[in-house]
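Colleague: Here's a sequence, model it:
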Amino acid sequence: MSTLLSAPPATTSRYPKRKRDQVRYNDAVEEESESGDDSEDSDTGSDVSEYANSRKRTKTRKTQAGSFKPLPKHKIFPFLSLPAELRNRIYDECLPDTTRVDRNGVRFRDQKELWFCSKSRFYRRGVQYINELDEDQVDTLSYGGAYYVSRNRQRRGRGRWPYQGGTGRGRISRNTDENSEDEKKLPKPRGLCMPLLAVCKQIYHEAAPLLYSQNLVFTDSAAMMNFASRLSPRTALLLRNIRIQNWISTRSRKSTRFAAMAVLAAKGATNLEGFHIENRIGWFSTGWSSRTAEREQKIPKRVARQVYRDCYPWLEAVMAAKGADFAIDVLGISEENFQYWNGDFGDAMKMYKRELRRLLGAAN
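Modeller: A predicted model of the protein is given here:
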């Protein structure tokens, strides 16, 4: 009589099984093999790892999307709810300081001006805010761009001028202890805080006039052209005062004078209250030559023709917006242009304005 062998009793696990759906990673591999894929070179392990990684990525995406939550109201500062006076004070603290001028060893900011020079970066022409200027640099900027010369001497460790020594690191050597003590007392200057204007439209409308309505000083016409090329028509209307320190910097940049004024006119900068050219716009003698004394040209007329030749796009734009009288009066020139004029300066200015009005085609 044969005895029936009974199956061994099922072993019970010590801990109960968790109630969750089982994940079988081999299902994707079996489906691919049954679909008729005869390629035996495929690595099943890599397929399983890709499937597992895809599940992990979806899970992390869900957690990252849910992790960004808005801040509670008690942590949000109500800046736009402040009074207008307080907001203006905050804008003044955030916007750049005026250029600091060093005069006789004493540094102060009495001019309330922002100085800019041209600067190229990654083959793109732009402007650089000048935070500090030496008195010698200010006085000699009218004679061939001394700012760039002095900056190059600083980088080479030669000081601002040949008779001053440098530290070898592009800085000026301090000979007295008083200057070093004064430097420690001076606060660190603020740079251009342009990202502030991009926060929202309300902040832009409130802070942009405070920045662009200041007295803007450019070292030469190339710097003004680079600055004007980046303006929007809305921003160009906010400009109030512009001064160009050096109208004729080098021979290679003499064409930038007309280009700068053309760009300024194209942007619509017609609300200027003052546009002053600090130094001479050319060299004017009494006559063309000694042999043609009968064909002598008056110096004020020659100055007016040079101004019209360089600035007529912007002058015509201002004349169309506010009249010929305003266009002629808003453009100021230096007395150095009439250095070789034998008559009175007042008579020279009258002749200059009369000739400029005639060239603009305005009725007397």
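Colleague: okay, CA-based contacts and neighbour counts for the rest of this
Modeller: OK.
Colleague: Can you check the distance spanned by stretch 312-330, start to finish?
Modeller: End-to-end distance of stretch 312-330 (Cα to Cα, to the nearest Å): 13 Å.
Colleague: Same question for stretch 119-138.
Modeller: 18 Å.
Colleague: cool, and stretch 242-262?
Modeller: Stretch 242-262 stretches 15 Å from its first residue to its last (Cα to Cα).
Colleague: Return the set of buried residues in that stretch.
Modeller: Residues 242-249, 256-262 are the ones in stretch 242-262 that count as buried (16 or more other Cα atoms under 10 Å).
Colleague: With respect to pLDDT, which of those residues ranks lowest?
Modeller: Ranked by pLDDT, the buried residues of stretch 242-262 bottom out at residue 249, which scores 63.
Colleague: count of residues packed around residue 87?
Modeller: By other Cα atoms under 10 Å, 17 other residues sit near residue 87.
Colleague: so it is in which element?
Modeller: Taking DSSP states H and E as the definition, residue 87 sits inside helix 84-94.
Colleague: Excluding covalently adjacent residues, which one is nearest to residue 115?
Modeller: Computed as Cα to Cα, 6 or more residues apart in numbering, the closest residue to residue 115 that is not its neighbour in sequence is residue 217, at 4.7 Å.
Colleague: quick one, what contacts the one you found?
Modeller: Applying Cα atoms under 8 Å, 6 or more residues apart in numbering, one finds that residue 217 lies in contact with 113-116, 242-245.
Colleague: Quick check: it vs residue 326, distance?
Modeller: 21 Å.
Colleague: before we move on, back to that, which of the buried residues of stretch 242-262 lies closest to residue 136?
Modeller: residue 245 (13.6 Å; Cα to Cα).
Colleague: Wait, that closest one touches residue 281, no?
Modeller: No - using Cα atoms under 8 Å, residue 245 is not in contact with residue 281; the gap is 10.8 Å.
Colleague: End to end on stretch 263-277, go ahead and measure it.
Modeller: Stretch 263-277 has its terminal residues 17 Å apart, counting by Cα to Cα.
Colleague: what's that stretch in contact with?
Modeller: 225, 228-229, 231-233, 236-247, 313-314, 317-318, 321, 330-334.
Colleague: from those residues, which ones fall inside strands?
Modeller: Counted as lying in strands by DSSP state E, out of those, are 241-244, 331-332.
Colleague: can you redo those residues as JSON lines with distance to residue 131?
Modeller: Output for those, formatted as JSON lines (distance: Cα to Cα, whole Å):
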{"residue": "241", "distance to residue 131": "19"}
{"residue": "242", "distance to residue 131": "17"}
{"residue": "243", "distance to residue 131": "17"}
{"residue": "244", "distance to residue 131": "17"}
{"residue": "331", "distance to residue 131": "27"}
{"residue": "332", "distance to residue 131": "26"}
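Colleague: Just give me the neighbour total for residue 138.
Modeller: Neighbours of residue 138 using other Cα under 10 Å come to 16.
Colleague: for it, helix, strand, or coil?
Modeller: helix (DSSP: H, G, I helix; E, B strand; the rest coil).
Colleague: related to what we said a few turns ago, which PyMOL command selects the buried ones in the contacts of stretch 263-277?
Modeller: Listed next is the PyMOL selection for buried residues among those, using 16+ other Cα under 10 Å:
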select buried, resi 225+228+229+231+236+237+238+239+240+241+242+243+244+245+246+247+313+314+317+318+330+331+333
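Colleague: Which secondary structure element of the protein has the lowest mean pLDDT?
Modeller: Least confident helix or strand, the chain: helix 146-155 with a mean of 46, by mean pLDDT, DSSP states H and E.
Colleague: Next, give phi and psi for residue 277.
Modeller: phi -100, psi 110 (degrees, to the nearest 10).
Colleague: For the closest residue in space to residue 283 that isn't next to it in sequence, give its distance to residue 303.
Modeller: Using Cα to Cα, 6+ apart and skipping residues adjacent in sequence, the residue nearest residue 283 is residue 337, 7.2 Å away. For residue 337, the distance to residue 303 equals 7 Å [Cα to Cα].
Colleague: quick one: common contacting residues for the two?
Modeller: Listed as contacting both residue 337 and residue 303 by Cα under 8 Å, 6+ apart are 281-282, 284.
Colleague: want to try a markdown table for the residues you listed, with secondary structure, distance to residue 100 and neighbour count as columns?
Modeller: A markdown table is the format used below for the shared contacts of residue 337 and residue 303 (DSSP: H, G, I helix; E, B strand; the rest coil; distance: Cα to Cα, whole Å; neighbours: other Cα atoms under 10 Å):
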| residue | secondary structure | distance to residue 100 | neighbour count |
| --- | --- | --- | --- |
| 281 | coil | 27 | 19 |
| 282 | coil | 30 | 14 |
| 284 | coil | 34 | 20 |
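Colleague: Appreciated, that's everything.
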